[in-house]
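# let me see the structure of the following:
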Amino acid sequence: MTVATAGHPTPTHPEPAGLDNRLVVGGATTTWRSLPLPTLPDPAAVLAHSALHALAAARQHAAYGTELLLSTASRVDAQMRTELREAGFTVSVLDGDGVHPNPPARPRAAEPGRLWLLTSGSTGRPKRVGHTLDTLTTVRADQPDRTWLCPYAPGTYAWWQVVTLSLTQPGQHLVVVEPDELDDWPAVAAAHGVDAASGTPTFWRRTLYRDAAALARVPLRQITLGGEPVDQAILDQLRDVFPTARISWIYASSEVGASIVVHDGRAGFPVDWLDRETPGRPTLSVRDDELVVTSPHHGAGLAGPIRTGDRVQVLDGRVLITGRLDSDEINVGGSKVSAGVVRGVLSGHPAVAWARVTGRRAPVLGRMVVAEVVLTPAAPTADADADAVAVAVAAVAVAVAGSIEAADPAVAAGLTEAVGSTEAADSAGQTDPAGHPAGRPAAGVPDEAALVRWCADRLPEHAVPRRIRVLTEIPVKETLKSDV
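Down below sits the predicted model:
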């Protein structure tokens, strides 16, 4: 990378403690201290051409406090670039030839030390959320030396979490994966001694699906999941591969920061964490089935209780985050279905590598539950005619559905019992609350009808998917999510 470095004044901020940590990016090894610092306008919206350019911009901010929004060209469309220029940013592409600025439409004074993040846009257009390096640095206690994998898109909240850890903590080395390396990241990680990795559940499922043997060769001691609902199935699958690693899941967002960290290997968090006020820590609450967080790590101007837009259910002493409030609930003939709960049941099938559950318009019920799945490589689909399979699925669905009446307490209680079975038991002979063998049954070769029967055995009638479509690849976006 060639960037202009002449003319820099003396750094105005104290040196971060991790400047001598090792960085591996694009196959080359360097350190934070050795990164050439670009000369950036202030305020700047930097569209980094590569992971190395993104790291250089982050290092520049740490040294000079330049007001910075960092992203990639693919995440910032023409409309967003116009909005940023109207907001006073110089929109600048940073690549191997240096900084290519597009000046602001309405120049303004910079806000020293301010970092801006773009939300994922899951509820519409991405929004800007203000932070500082201090509010983004949520790991402050001394850490054992580790080499972290960073697969995230530059400038996202998850990316900043890994980057600030490496910048501020000695001994936290970083191996950054470019988008074209995602399919083969286990080989990159093993070659550079990665022993800690953070990724979305989709990232981990996709890796297990593509090459579980290659993943097992990475000497991981710390595995972290976040960015999407984390169900018991993916936690158990990772535990099977890495029986001695610490497996954690984190709830975090641009708005409230890192708010929940769970290390016990179970989906959800203990219900007694709700409404517990501890100085310096987030307070978690539930209002109308929505997670509400009051966090010291919140974005600028977002103090106080913040409604997250994430739906939760309290089951068997755990608070489960099932999905976005505006998309998780499916109303089937007056009965409410959680897409996340159905997804968890499907994901619990040993032959299912990934699942997505949605609602589809239906003439009598208003909505019906449908799903898409990707099967594990060891479980190929049956060679049945597609139309015949669809008819079989419909027949099974009608058989289990019966008449759909308005939701009643008995059905709700049945749903609670069925979902309680997602906590897999290790002891032989144990059964879940519905009376099925606990743990993971032997894999078969399921077709759609078999998957419908699996759901019918574990869910109330109105929650059973009427259609299940088999995909050949786990879909993933630049954010490592698949909109489950």
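
# how many residues are close by residue 349?
When counting by other Cβ atoms under 10 Å, one arrives at 24 neighbours for residue 349. From N, CA and C alone the C-beta is placed, and that goes for glycine too.

# could you list every residue that touches it?
Neighbouring residues of residue 349 by Cβ atoms under 8 Å, 6 or more residues apart in numbering: 446, 451, 454.

# for the helix or strand hosting residue 185, what is the distance to the chain centroid?
Assigned by DSSP states H and E, residue 185 belongs to helix 185-191. Centroid separation for helix 185-191 versus its chain: 21 Å, with Cα atoms, centre = their mean, to the nearest Å.

# now do the contacts for the closest residue in space to residue 338 that isn't next to it in sequence.
Once flanking residues are discounted, residue 338 sits nearest to residue 322: 4.9 Å by Cβ to Cβ, 6 or more residues apart in numbering. With contacts defined as Cβ under 8 Å, 6+ apart, residue 322 is in contact with 229, 311, 312, 313, 328, 338, 339, 340, 341, 344.

# mind putting these into a markdown table with neighbour count and distance to residue 253?
Converted to a markdown table, the contacts of residue 322 look like this (neighbours: other Cβ atoms under 10 Å; distance: Cβ to Cβ, whole Å):
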| residue | neighbour count | distance to residue 253 |
| --- | --- | --- |
| 229 | 26 | 13 |
| 311 | 24 | 14 |
| 312 | 27 | 14 |
| 313 | 19 | 19 |
| 328 | 26 | 16 |
| 338 | 22 | 20 |
| 339 | 26 | 20 |
| 340 | 25 | 17 |
| 341 | 26 | 22 |
| 344 | 25 | 21 |
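
# can you flag which of those belong to helices?
With helices taken from DSSP state H, the overlap with the contacts of residue 322 comprises 328, 339, 340, 341, 344.

# make sure the third one is actually in contact with residue 328.
Translated: residue 340. Yes. Counting by Cβ atoms under 8 Å, residue 340 does reach residue 328; the two are 5.4 Å apart.

# which residues do these two both contact?
In contact with both residue 340 and residue 328: 311, 322, using Cβ under 8 Å, 6+ apart.

# ok, the ones in helices among the contacts of residue 322 vs residue 459, which is closest?
If you rank the ones in helices among the contacts of residue 322 by distance to residue 459 using Cβ to Cβ, residue 341 comes first, at 7.6 Å.

# surely the closest one touches residue 311?
No. Using Cβ under 8 Å, residue 341 is not in contact with residue 311, being 10.2 Å away.

# on the three-state scheme, the residue nearest to residue 338 is what?
strand (DSSP: H, G, I helix; E, B strand; the rest coil).

# and it, how far is that from residue 293?
16 Å (Cβ to Cβ, to the nearest Å).

# coming back round to it: any idea which of the ones in helices among the contacts of residue 322 is least confident?
Among the ones in helices among the contacts of residue 322, residue 328 has the lowest pLDDT, at 89.

# helices of the stretch 51-200 of the chain, start to end?
In the stretch 51-200 of the chain, the segments counted as helices under DSSP state H, counting those that start in this stretch are 51-64, 78-86, 133-136, 157-168, 185-191.

# quick one, the longest one and helix 157-168 angle?
Using axes from the mean of the first three to the mean of the last three Cα atoms, to 10 degrees, the interaxial angle of helix 51-64 with respect to helix 157-168 works out to 60 degrees.
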